[in-house]
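Novice: next input, structure requested:
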Amino acid sequence: MLSIKNLHAGYNGLKVLKGIDVHVKPNEIVALIGPNGAGKSTVIKAIFNIANVYDGKIIFKDKDITNMKTHQLMKLGISYVNQGRINFGNLTVEENLTIGADSIHDSSVVKKNLDAVYKKFPVLKERRKSLAYGLSGGQQQMLALGRALMHKPSLLLLDEPSLGLSPLLQKQLFKIIQDLRDDGISILIVEQNAKRAIEMADRTYVLEDGKIALMGGKDIVNHEKIKSVYLGGRY
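Specialist: A predicted model of the protein is given here:
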């Protein structure tokens, strides 16, 4: 589905990523964890062309998408939910969702996709005529996810979606993300809750100082480095 090879990326000449390799298989959740400043979000931003790529390749479904424009990436089936659940507060829930289908010109397809989002998130249907600024934190995250799903992506990029949510809402969110994987969407997620990320993901990469320090499946939780650093209260 996605293959990142020897990626060097950053911002305005500053190199954050220093030659990383990451891959995501079809119907798979892959998590990126690590300390602040390690380059986790830069991986996702490089894919979505909002970080500078200095070297390396990003391949999606056998197509080189390195430095491809964002609207082209969306047409190929890649969606991105950025950190902070950024929605348009002065627009209704439904208006926010239809913005996510801006590139779809068939109104019947937009309606079909909207119905699918409402089925996935019934609370959004209940609040569809409400202004987005009045939603709770969990509902804001559902809205951001729903908008990203409006053009039926095959790859979903999530940047710290649980940030600021209560433990209960985090649990609900991670269940939703696993359901999306079961629906056939591949997911690459940057997550600050290391324990939850490892439990949810099929594979986890640990980034430190712009490099891959460790990679493994669910059993990575038993690695001494994970237990002592990321699950020991310092993460």
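Novice: contacts only, for the residue sitting nearest the centre point of the chain.
Specialist: What sits nearest the mean C-alpha location of the chain, by C-alpha atoms, centre = their mean, is residue 158, with 1.3 Å. Residue 158 makes contact with 44, 81, 177, 187-191 under the criterion C-beta atoms under 8 Å, 6 or more residues apart in numbering. Glycine gets a C-beta too; all of them are placed from N, C-alpha and C.
Novice: tell me which element the nearest residue to residue 21 once chain neighbours are set aside falls in.
Specialist: What sits nearest to residue 21 in space, not counting adjacent residues and going by C-beta to C-beta, 6 or more residues apart in numbering, is residue 5, at 5.8 Å. For residue 5, the host element (DSSP states H and E) is strand 2-11.
Novice: so where's the protein shaky on pLDDT?
Specialist: Confidence mapping of the chain against pLDDT under 70 gives the ranges 85, 230-235.
Novice: repeat the analysis, applying 50 as the threshold.
Specialist: For the chain, the stretches with pLDDT under 50 are 233-235.
Novice: mind giving me the domain ranges of the chain?
Specialist: For the chain, the structural domains run 1-77+153-235, 85-151, going by automatic domain parsing.
Novice: list the contacts for residue 109?
Specialist: For residue 109, the contacting residues are residue 101, by C-beta under 8 Å, 6+ apart.
Novice: for this structure, longest helix please?
Specialist: Identified as the longest helix of the chain according to DSSP state H is helix 167-182.
Novice: helices or strands up against that helix?
Specialist: In terms of contacts (3 or more C-beta pairs under 8 Å, 6 or more residues apart in numbering; DSSP states H and E), helix 167-182 is packed against strand 29-33, helix 137-149, strand 186-190, helix 194-200.
Novice: for residue 173, find the nearest of those.
Specialist: The closest of the helices and strands packed on helix 167-182 to residue 173 is helix 137-149. By C-beta to C-beta, the value is 6.2 Å.
Novice: which residues does the residue nearest to residue 21 form beta bridges with?
Specialist: Bridge pairing for residue 5 (DSSP bridges) gives the partners residue 57.
Novice: could you do residue 215 as well?
Specialist: With DSSP bridges as the criterion, residue 215 is bridged to residue 205.
Novice: quick check: closest non-adjacent residue to residue 59.
Specialist: By the measure of C-beta to C-beta, 6+ apart, the closest residue to residue 59 outside its immediate chain neighbours is residue 3, 4.3 Å from it.
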